[in-house]
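Q: Sequence and predicted structure, then a few things I'm wondering about:
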Amino acid sequence: MTSAFERLLADLSEAGVDYILVGGLAVAFCGHVRATEDVDILVQVDDENLARLLEVLAGFGEGAASGLQADDFTLEEGAIRVVEEFPLDIFTQMSGYRYEDLESMTTTRRVNDHTIRHLNIEGLITLKEESLRDKDQMDVAALRRIQEEEE
C-alpha cells in the first residue's frame, strides 16, 4: 500500500469513521494481489459518521473534497469520487448492500500501527459474485481458491 493510501486510511480510522475497505485493496489483503488504481470504501450513513468523514476529507490532499456536504451522501448506488494523490471512491451502497449489511463480513488488519477494517473473503465474494465485470469475476475465482486452500 502506498503511503498516500495508508495515510488516508489511518486518518479515517483515527477519526473514528465507520468504513469498510472494499475493492482491489481488500482483495489484496485477503491474499489475491492485483493491480488497482483507486481506493474503494463503503461508509455508514449517519450524521455523526458523515461529519467525521467530511472532516478527514477536508484535510485530504489539496482539498478537492472540501466542498462535499453530508447531503451529498445518499443511499443510492454509485460512488462519490475524490481525486487527489489517487482516486478515492466513497460508496454508501454497493450492489444493493449497505455498511450494516456487510459489517459482519469484515476483518481488521494492522498497518503501521493503524487498524484497517476490510471485507473478508466471504464478504468480497458476496459483493462481487453478481457483478458482470471481468475483473470482479476473476477476483471471485481467486478468492474461492484461497478459501478452499484455507479449509
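A: Now that the structure is in, tell me what you want to look at.
Q: what helices or strands is the lengthiest helix in the chain leaning on?
A: With secondary structure taken from DSSP state H, the chain has its longest helix at helix 134-150. Judged by 3 or more Cβ pairs under 8 Å, 6 or more residues apart in numbering; DSSP states H and E, helix 134-150 is in contact with helix 24-29, helix 121-128. Bear in mind the C-beta positions are built from the backbone N, C-alpha and C, glycine included.
Q: can you redo those helices as TSV with distance to Ile41, mean pLDDT and mean neighbour count?
A: Formatted as TSV, these follow (distance: least, Cβ to Cβ, whole Å; pLDDT from 0 to 100; neighbours: other Cβ atoms under 10 Å):
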stretch	distance to Ile41	mean pLDDT	mean neighbour count
helix 24-29	9	94	22
helix 121-128	13	96	21
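Q: where in the chain is pLDDT low?
A: Within the chain, the stretches with pLDDT under 70 are 1-2.
Q: which residue ranges form the strands in it?
A: Along the chain, the segments classed as strands by DSSP state E run 19-22, 39-43, 79-83, 87-91, 106-111, 114-119.
Q: Dump these into JSON lines; add mean neighbour count and distance to Phe5 as well.
A: Compiled in JSON lines, those are given as follows (neighbours: other Cβ atoms under 10 Å; distance: least, Cβ to Cβ, whole Å):
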{"stretch": "strand 19-22", "mean neighbour count": "24", "distance to Phe5": "9"}
{"stretch": "strand 39-43", "mean neighbour count": "24", "distance to Phe5": "6"}
{"stretch": "strand 79-83", "mean neighbour count": "16", "distance to Phe5": "13"}
{"stretch": "strand 87-91", "mean neighbour count": "20", "distance to Phe5": "9"}
{"stretch": "strand 106-111", "mean neighbour count": "14", "distance to Phe5": "9"}
{"stretch": "strand 114-119", "mean neighbour count": "20", "distance to Phe5": "10"}
